[in-house]
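Peer 1: Predicted structure and sequence below. I'll ask about it afterward.
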Amino acid sequence: MLDISSVFVILSNMNRFGDYLKAIRKEKGYTLRRAEELSGISNAYLSQLENGKIKNPSLSVIHKLSKAYETPYSTLMKFAGFPSQDNLIDDQSFDSQVGPVTEEEAKELIDYLHFIRSRRNK
């Protein structure tokens, strides 16, 4: 049986993003060359992602992979370690609720949002 420190070492050494990419690619029956054709990302770069040699892919790379692997962008973002976007309001939704704002109103809204967030952190 593993003790908690062993579990922590195993988890910290996992390459969640790379392992996930490799699993999707293999599930779809793609070779690295086929993945390169579909995504426009070199097979060498893809291999480095899968093996954890590249740890911080750009948003553009993640987007290309989501299209090529037909996988939700938000899922790949999560596995790449980006914060969840589930509870954020998109620009269109916000705009439809308050209408267009002036530059001064935008600054005031940002100041107020900082104030609200600072109260939550206490």
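Peer 2: Sure, I can see it.

Peer 1: what residues does the longest helix anywhere in the chain touch?
Peer 2: In terms of residue count, the longest helix belonging to the chain (DSSP state H) is helix 103-120. For helix 103-120, contacts defined as Cβ atoms under 8 Å, 6 or more residues apart in numbering pick out residue 101. The way it works is simple: take the backbone N, C-alpha and C, and place the C-beta from them, glycine included.

Peer 1: hmm, try it at 6 Å
Peer 2: With contact meaning Cβ atoms under 6 Å, 6 or more residues apart in numbering, helix 103-120 is reached by no other residue.

Peer 1: Please point out which parts of it sit buried.
Peer 2: By 16 or more other Cβ atoms under 10 Å, helix 103-120 has no buried positions at all.

Peer 1: Same question for stretch 55-63.
Peer 2: Across stretch 55-63, burial judged by 16+ other Cβ under 10 Å covers 57, 61-62.

Peer 1: again with stretch 41-54
Peer 2: Quick answer for stretch 41-54 (16+ other Cβ under 10 Å): 41, 45-47, 49-50, 54.

Peer 1: List the contacts of it.
Peer 2: Residues contacting stretch 41-54 (Cβ under 6 Å, 6+ apart): 15, 18, 21-22, 32-33, 35-36, 64.

Peer 1: Output the below-cut-off pLDDT ranges for the protein.
Peer 2: Along the chain, segments meeting pLDDT under 70 span 1-15, 84-98, 121-122.

Peer 1: Out of the contacts of stretch 41-54, which end up buried?
Peer 2: 15, 18, 21-22, 32, 35-36, 64.

Peer 1: taking the residues you listed one by one, which sit in helices?
Peer 2: Those of those lying in helices (DSSP H): 18, 21-22, 32, 35-36, 64.

Peer 1: In TSV: the buried residues of stretch 41-54, plus distance to residue 114 and secondary structure.
Peer 2: Shown next, in TSV, are the buried residues of stretch 41-54 (distance: Cβ to Cβ, whole Å; DSSP: H, G, I helix; E, B strand; the rest coil):
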residue	distance to residue 114	secondary structure
41	38	coil
45	38	helix
46	40	helix
47	43	helix
49	36	helix
50	40	helix
54	34	coil
